[in-house]
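Enquirer: Compute the structure for the input listed below.
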Amino acid sequence: MTLQKTQEYLLSIVHELCKLPNETEWVEFKYNKAVPEDIGEYISALSNSASLLGKVNAYLVWGINDTDHSIIGTDFQPSKAKKGSEELENWLLKLLNPKINFSFFEINIAEKNIVLLEISATIRTPVQFKNQEYIRIGSYKKKLKEYPEKERELWRIFDKTPYESLVAVDNISSDEVLKNLNYPAYFDLLNIPLPSNKDGILEALLAEKMITKSESGLWNIMSLGAILFAKKLSDFDILKRKAVRVVVYRGKGRIETIREREGAKGYASGFEGLIDFIKTLLPLNEVIEKALRKSVPMYPELAIREVVANAIIHQDFEVTGSGILVEIFDDRMEITNPGTPLVETERFLDSPPQSRNEALASFMRRIGVCEERGSGIDKIVFESEHYQLPAPLFEVTNNHTRTTLFAHKEYKHMDKQDRIRATYLHSCLRYVEKDYMTNSTLRERFGIEERNSAMVSRVIKETTQAEQIKPFDPTTSKKYMKYIPWWV
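Expert: Modelled structure (predicted):
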């Protein structure tokens, strides 16, 4: 966690480590030796071993005798150390992959200088230093490739640990838990009375697996709790780049930014505020009803809610340095989330829901942000049709998924691809509703009068030639022809 580690906390960690009978696979003691290459290799080895042993952090401590663990002090000063002309910490970070969190702390104990290096356990892939992975075997640092059974075990751990079950911050007091989680929002969103005492609040969060008890008797905030109810996502190292960012541009390109804002709150406690903020930034569309002109939002609110909720729930938290991005242009709105989808974009509308983050998705369903059944994409497509907007576009771009909602556009101004995409998604929507697309239903979708049905016949022909739809029964006369998606 980015919150300042107190001197008291750091002293307690050092004293607890000194009580260990021997060096372990997740703790190494040093006197003065601080060769940069060695430190990088130890970060790799200790981080990998901590993950293997189920530890949140590993430690490298200077100024401790490695035989009897007495405090002897050290001359090593990481704040002044360099590799060449570069600061040590920056040099190490540059050569580590993935770039895990580690921090040097300089402490004074009994007038002796102690240096504590706290290293986060790796969570999804073995840590490399200079393209080489290391592991601890007893108190020795070894190359991971020399111990294939350890490597296999490490990968098994990565495969079975959901992101929500990782520890976001460990060994903090109950007061720190309540200080950093918006716990009243949890009870409000579930319509549960707020307990009258601290123990009742902690028990509820513990039952939801948003927090856990640590080995030391203190508390851990789990990623699930931080993701949903953090007062500030940036306070948690594991979630620093996972806040939703909203950017508004002038015109149709990214040259001129009008406004930019990054959300701070957890997804559950901040969702309604995020949607309200996005709505205030959207352009308005003028429509005429019964001879009266009025302004309405460019995009239906339900479609906005669903597309943002989908981005939150289906993002890949393992993609580092990237979060959800909402971009608003004059003619469209793009929502991009990290990670490629688990199903093909062409099958978004009919495929059963699959989520990498089931605990997150389950809670968001419970508070009504999304539904248990996978109807989010159905709603986005339906709302676009209902308001006769161009069909949404679903794309996969370089380890990201992007959904684009388009502003109103007359049929005559739509290009061929716009029309084909709308026709295909209309056939999908009709099919999942246990019905079929016809010339008549497509005319209604595009808002075309019956006397212009030839226009619709033309786009049906183009979509058929593009192999996006096909006749349900090819022997039926064209007048009564029904169409289904290509995958049926």
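
Enquirer: Could you list the single helix or strand in the protein with the lowest mean pLDDT?
Expert: strand 284-289 (a mean of 58; mean pLDDT, DSSP states H and E).

Enquirer: what packs against the helix or strand containing I312?
Expert: Taking DSSP states H and E as the definition, one finds I312 inside helix 301-314. Under the contact criterion of 3 or more C-beta pairs under 8 Å, 6 or more residues apart in numbering; DSSP states H and E, helix 301-314 touches helix 267-281, strand 332-338, helix 358-366, helix 376-386, strand 400-406. The way it works is simple: take the backbone N, C-alpha and C, and place the C-beta from them, glycine included.

Enquirer: want to try JSON lines for the ones you listed, with mean pLDDT, distance to V35 and mean neighbour count as columns?
Expert: Formatted as JSON lines, the helices and strands packed on helix 301-314 follow (pLDDT from 0 to 100; distance: least, C-beta to C-beta, whole Å; neighbours: other C-beta atoms under 10 Å):
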{"stretch": "helix 267-281", "mean pLDDT": "94", "distance to V35": "43", "mean neighbour count": "17"}
{"stretch": "strand 332-338", "mean pLDDT": "96", "distance to V35": "36", "mean neighbour count": "21"}
{"stretch": "helix 358-366", "mean pLDDT": "91", "distance to V35": "42", "mean neighbour count": "19"}
{"stretch": "helix 376-386", "mean pLDDT": "89", "distance to V35": "53", "mean neighbour count": "21"}
{"stretch": "strand 400-406", "mean pLDDT": "96", "distance to V35": "39", "mean neighbour count": "20"}
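
Enquirer: among those, which is nearest L93?
Expert: Ranking these by proximity to L93 (C-beta to C-beta) places strand 332-338 first, at 20.8 Å.

Enquirer: any idea how far the closest one is from the chain center?
Expert: 14 Å (C-alpha atoms, centre = their mean, to the nearest Å).

Enquirer: try stretch 190-206
Expert: Worked out by C-alpha atoms, centre = their mean, stretch 190-206 lies 27 Å from the chain centre.

Enquirer: can you list the residues that contact it?
Expert: Residues outside stretch 190-206 that contact it (C-beta atoms under 8 Å, 6 or more residues apart in numbering) are 174, 177-178, 181, 183-184, 186-187, 211-213, 219, 225, 366-367.

Enquirer: again, only this time at 6 Å
Expert: 174, 183, 187, 211 (C-beta atoms under 6 Å, 6 or more residues apart in numbering).

Enquirer: Let's see if you can find the most crowded of those.
Expert: I211 (29 neighbours; other C-beta atoms under 10 Å).

Enquirer: show me what contacts that one?
Expert: Contacts of I211 (C-beta under 6 Å, 6+ apart): 177, 205, 219, 221, 225.

Enquirer: Restricted to helices, list those.
Expert: 177, 205, 225 (DSSP state H).

Enquirer: Wait, the last one touches T212, no?
Expert: Translated: G225. No: G225 lies out of contact with T212 (C-beta atoms under 6 Å); the separation is 9.3 Å.

Enquirer: These two: who's more crowded?
Expert: More crowded of G225 and T212, by other C-beta under 10 Å: G225, with 28 against 15.

Enquirer: If we ignore the residues flanking it in sequence, what's nearest L405?
Expert: Leaving aside its sequence neighbours, L405 sits nearest to M333 (C-beta to C-beta, 6 or more residues apart in numbering; 4.6 Å).

Enquirer: Could you measure from that neighbour over to I377?
Expert: 16 Å (C-beta to C-beta, to the nearest Å).

Enquirer: who does I107 bridge with?
Expert: I114 (DSSP bridges).

Enquirer: D170: which element?
Expert: Per DSSP H and E: strand 167-172 holds D170.

Enquirer: picking that back up, now do whichever helix or strand comes after the helix holding I312: which elements does it pack against?
Expert: Scanning forward in sequence from helix 301-314 by DSSP H and E, the next helix or strand is strand 325-328. Applying 3 or more C-beta pairs under 6 Å, 6 or more residues apart in numbering; DSSP states H and E, we find strand 325-328 packed against strand 245-249, strand 332-338.

Enquirer: 10 Å instead, please
Expert: strand 245-249, strand 257-262, helix 267-281, helix 301-314, strand 332-338, strand 400-406 (3 or more C-beta pairs under 10 Å, 6 or more residues apart in numbering; DSSP states H and E).

Enquirer: need the contact list for the residue nearest to Y387 when sequence neighbours are not counted.
Expert: Once flanking residues are discounted, Y387 sits nearest to P300: 5.5 Å by C-beta to C-beta, 6+ apart. P300 makes contact with 306, 379-380, 382-384, 386-387, 389, 405 under the criterion C-beta atoms under 10 Å, 6 or more residues apart in numbering.

Enquirer: Kindly recompute the last result at 8 Å.
Expert: P300 neighbours (C-beta under 8 Å, 6+ apart): 383-384, 386-387.

Enquirer: Take these and lay them out in a markdown table including distance to W487.
Expert: Converted to a markdown table, the contacts of P300 look like this (distance: C-beta to C-beta, whole Å):
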| residue | distance to W487 |
| --- | --- |
| E383 | 23 |
| S384 | 21 |
| H386 | 24 |
| Y387 | 27 |
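
Enquirer: and of these, the nearest to K242?
Expert: E383 (27.0 Å).

Enquirer: give the contact list for the closest one.
Expert: 300, 302-303, 306, 389.

Enquirer: same question, T122
Expert: 47-48, 50-51, 98, 100.

Enquirer: rewinding a little: in JSON lines, list the helices and strands packed on strand 325-328 along with distance to S453.
Expert: Output for the helices and strands packed on strand 325-328, formatted as JSON lines (distance: least, C-beta to C-beta, whole Å):
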{"stretch": "strand 245-249", "distance to S453": "39"}
{"stretch": "strand 257-262", "distance to S453": "43"}
{"stretch": "helix 267-281", "distance to S453": "37"}
{"stretch": "helix 301-314", "distance to S453": "28"}
{"stretch": "strand 332-338", "distance to S453": "29"}
{"stretch": "strand 400-406", "distance to S453": "24"}
